[in-house]
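Engineer: requesting a structural model of the entry that follows:
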Amino acid sequence: METEDWVLIELQGDVDTSNGEHMKSQNIGDFHFAKDGTPILIIGYHILYGKDTPMSKPIAVLKKKSNSEGCLNEEHPAEYTVIAIAKRKIIFKTRPKRIVNHFITQ
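Structural biologist: Model (predicted):
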């Protein structure tokens, strides 16, 4: 079975929503690569520059397979399937820079 290659994104600090909602399935920003290959993440009015690096130890992404009854015991142990392997990570470790210094209100 062939697995997908994933890339881990590492951020320093916290990412919060402006309205306090849960982050699940939320778009947090736009991800691009500059002409020179530098990873760029734009979150709101801030821009972050990253670095693409290989990971010293790859990380497996697992999916838990549940049985039809939903109970786990010695007769029905949990099963996991490897769905992807992350061999690289993009690290955003510098402080974000503001894109817009002020708003013009009308």
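Engineer: can you pull out the strands in this protein?
Structural biologist: Using DSSP state E, the strands of the chain run over residues 4-11, 30-33, 39-43, 46-49, 51-65, 79-92, 97-98.
Engineer: got the ones you listed as a markdown table, with distance to Lys24 columns?
Structural biologist: All C-beta spots, glycine's among them, are computed from the backbone N, C-alpha and C. Formatted as a markdown table, these follow (distance: least, Cβ to Cβ, whole Å):
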| stretch | distance to Lys24 |
| --- | --- |
| strand 4-11 | 16 |
| strand 30-33 | 18 |
| strand 39-43 | 17 |
| strand 46-49 | 22 |
| strand 51-65 | 17 |
| strand 79-92 | 18 |
| strand 97-98 | 27 |
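Engineer: tell me the spacing between the nearest residue to Ser18 once chain neighbours are set aside and Gly29.
Structural biologist: Using Cβ to Cβ, 6 or more residues apart in numbering and skipping residues adjacent in sequence, the residue nearest Ser18 is Gly44, 7.8 Å away. Here Gly44 is placed at a distance of 7 Å from Gly29 (Cβ to Cβ, to the nearest Å).
Engineer: lovely, talk soon.
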